[in-house]
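Trainee: please find the sequence and the predicted model below.
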Amino acid sequence: MVIVTLLYLYGVQQQFLYVNIDMSRTDQSAYLNEAELLKTSNYTALTDRARMPIFPFLLSLFYEPNLSSGAFFIGENF
């Protein structure tokens, strides 16, 4: 079990360092846009149900209108 956990943590670190470094590289910007839409609409906007529905909601909890897209992506307000 320890080996599996260590492999998982290594994979998470590699994903963080090498894959999720640019919001346009994968669908990260779509999730960020949905989170912004949820927050600015006071959670009345419909989301794209093809995505994980809870993730944009969780992101929206950290969204602030004065953040740039890049700052929101890297989590400067966390």
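Mentor: Structure's in. What do you need? Numbers count the residues shown, from 1 in each chain.
Trainee: going forward, measure contacts between C-alpha atoms and count neighbours the same way
Mentor: Will do.
Trainee: quick one: end-to-end distance for stretch 50-58.
Mentor: End-to-end distance for stretch 50-58: 16 Å, by Cα to Cα, to the nearest Å.
Trainee: which residues sit against that stretch?
Mentor: Residues from elsewhere that reach stretch 50-58, judged by Cα atoms under 8 Å, 6 or more residues apart in numbering: 31-32, 34-35, 38, 47.
Trainee: of all pairs in the residues you listed, which one spans the longest distance?
Mentor: Farthest pair in these (Cα to Cα) is Leu32 and Thr47. Separation: 11.8 Å.
Trainee: between the two, which has more neighbouring residues?
Mentor: Applying other Cα atoms under 10 Å to Leu32 and Thr47 shows that Leu32 carries more neighbours, namely 21 against 17.
Trainee: look up how far Ala35 lies from Ser60.
Mentor: The gap separating Ser60 from Ala35 is 4 Å, by Cα to Cα.
Trainee: what's the answer for Gln15, then?
Mentor: 21 Å.
Trainee: between those two, which one's more packed in?
Mentor: Each of Gln15 and Ala35 has its neighbours counted (other Cα under 10 Å); Ala35 has more, 24 against 12.
Trainee: got a list of what that one touches?
Mentor: With Cα under 8 Å, 6+ apart, Ala35 has these contacts: 56-60, 63.
Trainee: which strand or helix spans Arg51?
Mentor: Using DSSP states H and E, Arg51 sits within no helix or strand.
Trainee: how near is it to Phe62?
Mentor: Noted for Arg51: a distance of 19 Å to Phe62, by Cα to Cα.
Trainee: next: Phe55.
Mentor: Distance from Phe55 to Phe62, counting by Cα to Cα: 12 Å.
Trainee: again with Asp27
Mentor: From Asp27 across to Phe62, the span is 19 Å (Cα to Cα).
Trainee: these two: which has the busier surroundings?
Mentor: Higher neighbour count among Asp27 and Phe62: Phe62, with 15 against 12, using other Cα under 10 Å.
Trainee: lovely, talk soon.
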